[in-house]
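Asker: show me how the following folds:
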Amino acid sequence: MIKKVRIMVIDDDQDILNLINNFFSTRGFEVDLYTEAQQALTDIAEKKSNCDVIITDLLLPGISGIEF
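Answerer: Predicted coordinates for the structure are as follows:
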C-alpha cells in the first residue's frame, strides 16, 4: 500500500486555503487546513496531524509563519 503524501496548509485567508486544498486534493494528496498556526502546532504536538510537507503564510495573526 502506498502512503499518500499529507500536506499541512496554514493561512488565515479562507479563499487561499480553498484554492490550495482544491489544487492538491484533486492530485491525490491528503490536505490538512488551518487558519491559525497555534492550532497546527497543538495538533502536531498531540500527534493529531502527521504531515510530510507544511505550507504556511508568513503573515498570520498570533504566531507568524516564520515563528511557526
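
Asker: what about Gly65, how many residues nearby?
Answerer: Residues contacting Gly65 under the criterion other Cβ atoms under 10 Å number 15. The C-beta positions use only the backbone N, C-alpha and C, and glycine is treated the same way.

Asker: which parts of this protein are strands?
Answerer: Remark: strands assigned in the chain by DSSP state E are 6-10, 30-34, 53-56.

Asker: what residues are up against the nearest residue to Leu33 once chain neighbours are set aside?
Answerer: Among residues not flanking Leu33 along the chain, Leu17 sits closest, at 4.9 Å (Cβ to Cβ, 6 or more residues apart in numbering). Under the criterion of Cβ atoms under 8 Å, 6 or more residues apart in numbering, the contact list for Leu17 reads 9, 11, 33, 35.

Asker: which regions of this structure sit below the pLDDT cut-off?
Answerer: Scanning the chain for pLDDT under 70 picks out no residues.

Asker: buried ones in the helix ranked longest in it?
Answerer: Longest helix in the chain, counting residues (DSSP state H): helix 14-25. For helix 14-25, the neighbour count (16 or more other Cβ atoms under 10 Å) marks 17, 20-21, 24 as buried.

Asker: one more: stretch 32-41?
Answerer: By neighbour count on 16+ other Cβ under 10 Å, the buried set for stretch 32-41 is 32-35, 37, 40-41.

Asker: just these now: which is nearest Gly62?
Answerer: Nearest to Gly62 among the buried residues of stretch 32-41 is Ala37, at 6.4 Å by Cβ to Cβ.
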